[in-house]
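In: Have a look at this prediction, sequence included:
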Amino acid sequence: MNDLITNAPAREGRSPRPPLISRQRQDKMTGRMFFVFSLVPVILAVVILGMLTIRTWPILRSHSMWALLAGKIWKPEEGLFGFWPFIAGTGWVTITSVILAVPPCLLTAIYLSEYARHSTRLFMKPLLDILAAIPSVVYGVWGVVVIVPFVGNTLSPTLSHWLGFIPLFQTQNPTGYSIISAAIVLAVMIAPFIIAITYEVMNAVPNGLRQASLAVGATRWQTVRHAVLPQIIPGLLAGIVLGLSRALGETMAVLMVVGNVIHIPGSLFDAAYPLPALIANNFGDMMSIPLYDAALMGAALILLLIVLVFNIVSALILQRVLGRRWM
Amino acid sequence: MKKRWHKRHIEEAFFKVLMLFSFTIVIASLALILWTVVAKGLPALTWAMITQAPKGGFYMGKGGGILNAILGSLYLAGGGTLLALIFSLPVTLYLKTYLEDSRWGQIIRLALDVLWGIPSIVYGAFGFTIMLSIGLRASLLAGIITLALLELPIMTRSMDEVIRLMPAEIEQASLALGATRYETAIKVVTRQMLPGIMTAILLAFGRGIGDAASVLFTAGYTDLIPGSLLRPSASLPLAVFFLLSTPYSAVQQRAYAAALILTIIVLAISLGSRWISGRLSRYVVK
């Protein structure tokens, strides 16, 4: 019987089907081969984390964690490695960019999901893809050419003139290379992410809720406000956190517009020096000073750990909200 | 009955205006970016820019072009994408046909999530450390490996997304007809995923070619057209960055031209992936 199946005469132009036993062996062998390949991402994740920790270790042994994270003075030549100015710079830039990005992104997502015609949605999808695909250096060029002069010549003088009594808007920095410039550029960069996630989360809200709300005479906005928005809050938060972690790791665009001055910023118009910029600017010439490379690896490790926590939290939330993995 | 304007109607109108305004802002920023790049880059874009390597004094405004960076970027992103594909396709197929939702499958997915979130500057630092520890200098090869690390999770995730949308019946039908998992993976799933694979490849390529932070330390920079895997290689994003940071306005013009070239490549990839995945979707059972 077996013979009959496996050794059936070949049809014209086709090689005979190999016997079942060897097909099963092929199946098993491929499984093993695939398993070896699948080790790569797992090993890679472990090795990256491990290697950064090992390379940071020398500085953790000679400096206390607190002195590193909260230290305000960065003088590698004197052995002083205070990360606080960089952590503060990262915080300022990232949080400002998210504050700038979230309201318009949320409203755009609501518009696309609840109001827009089908054709508008179809038209918006490739636009968001393009926005997400533009390389960060190009965003940086845009920042240098458009945003920095705008901030330096218009936004900063105007706001500090009218709102200068609030420390947030005071300025001693006339150049425009500042936190707010970086935040504007970053806000546009993370917008496609936040819009796409929020839109998907809103799509997952059952239509019955909307219909029930509209049926009792609510306006569309009331429906959005009272029926849809409460449902999407976890998903929205996850989207924001994901945008936040994108913004945290962004290097080139920020580096080009943020001014790179080592101090603790006090106003939106101050320059700052975020962690990725620290790594990018100093990695090449770090070899001559002791512990310098460990310190920069430490900067990478801090960045990685923050981003990791953010990503895992938002992935878990999105998995619960959407009932599946996101992306 | 005359419609009375209640507070809720005013609210409705107010938020509708606000939404349209936000929507316009998003589209306007995209338009503004593209316009800036084109308006600044086009006047500076000459034939010499894309056909010549930098000549002596290029960074002070003398002759030459950025062919070294264009070719370097294509090699870097091409090599990185190829390397990433070699690993991500088997992993995706393995996840789908062999593992499903088993324990090991979840661990792999978690690892991919972790890798996906790692900022490219961290990949750059990691790649640099690896490079030093195996005695490699800044080179095309080191750049390719680092970009492959960066692209691997992007590509795998993108493929996994498509493969998940595949109707389960197709796989079940194949298995029910007596095909092994291997045959199902290679002959059925791969064909069904073909548009998705192409999209993933192009997405990863686009990411790779635009990424500066990861090649900053690993690929180095040189004025020579890349000729060997073990020599440094220029790249477009770094060309933009370096040219823009020179004090000469004539050289900064070239940065705009380089940014325009980079943008055109990336947009072409983005549009091309739509077209190709449309073409390939005729092999797909809907």
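Out: Thanks, I have it.
In: Please make it C-alpha for all contacts and neighbour counts, starting now.
Out: OK.
In: interface residues of the stretch 151-286 of chain B facing chain A?
Out: Residues of the stretch 151-286 of chain B lying close to chain A (CA under 8 Å from any CA of the partner chain) are B:153, B:157-158, B:161, B:180-183, B:206-207, B:210-213, B:216-217, B:237, B:240-241, B:256, B:259, B:262-263, B:266-267, B:270.
In: hmm, 6 Å instead?
Out: B:Glu161, B:Tyr182, B:Gly210, B:Pro237, B:Ala259 (CA under 6 Å from any CA of the partner chain).
In: OK, now which residue of the stretch 151-286 of chain B is nearest to chain A?
Out: Going by CA to the nearest CA, chain A is nearest to B:Gly210 of the stretch 151-286 of chain B, at 4.5 Å.
In: Please tell me how far the nearest residue to that residue once chain neighbours are set aside sits from A:Val261.
Out: Once flanking residues are discounted, B:Gly210 sits nearest to A:Pro135: 4.5 Å by CA to CA, 6 or more residues apart in numbering or on different chains. In this view, A:Pro135 and A:Val261 are 25 Å apart by CA to CA, to the nearest Å.
In: ok, how many other residues are close to the residue nearest to A:Ile73 when sequence neighbours are not counted?
Out: In this structure, A:Ile73 finds its nearest non-sequential neighbour in A:Gly82, 4.9 Å apart by CA to CA, 6+ apart. A total of 21 residues lie near A:Gly82 under the criterion other CA atoms under 10 Å in any protein chain shown.
In: wait, A:Gly82 sits on A:Pro76?
Out: No. Using CA atoms under 6 Å, A:Gly82 is not in contact with A:Pro76; the gap is 9.2 Å.
In: how far away is the residue nearest to B:Gly210 from A:Ile179?
Out: Where A:Ile179 is concerned, A:Pro135 sits at a distance of 20 Å (CA to CA).
In: who has more neighbours, these two?
Out: A:Ile179 (29 against 25).
In: mind checking the backbone torsions on the more buried one?
Out: phi -60, psi -40 (degrees, to the nearest 10).
In: is it true that it touches A:Val93?
Out: Yes. In this structure, A:Ile179 is within contact of A:Val93 by CA under 6 Å, at 5.5 Å.
In: What does the pLDDT read for the most centrally placed residue in chain B?
Out: The residue lying closest to the centre of chain B (CA atoms, centre = their mean) is B:Arg207, at 1.8 Å. With respect to pLDDT, B:Arg207 has a value of 91.
In: Near chain A, which residues of the stretch 1-150 of chain B are found?
Out: So the stretch 1-150 of chain B meets chain A at B:Glu12, B:Met19, B:Ser22, B:Phe23, B:Pro90, B:Val91, B:Tyr94, B:Ile108, B:Ala111, B:Pro119, B:Val122 (CA under 6 Å from any CA).
In: try 8 Å
Out: Counting by CA under 8 Å from any CA, the stretch 1-150 of chain B sits next to chain A at B:8-9, B:11-12, B:15-16, B:18-20, B:22-23, B:25-27, B:29-30, B:33, B:36-37, B:87, B:90-91, B:94, B:98, B:107-108, B:111-115, B:117-122, B:125-126.
In: Let me see the contact set for the residue nearest to B:Gly210.
Out: B:Arg207, B:Gly210, B:Asp211, B:Pro237, B:Leu262, B:Thr263, B:Val266 (CA atoms under 8 Å, 6 or more residues apart in numbering or on different chains).
In: Out of these, list just those in helices.
Out: B:Arg207, B:Gly210, B:Pro237, B:Leu262, B:Thr263, B:Val266 (DSSP state H).
In: The first one and B:Pro153 touch, don't they?
Out: No. When contacts are counted by CA atoms under 8 Å, B:Arg207 is not listed as touching B:Pro153 (11.5 Å).
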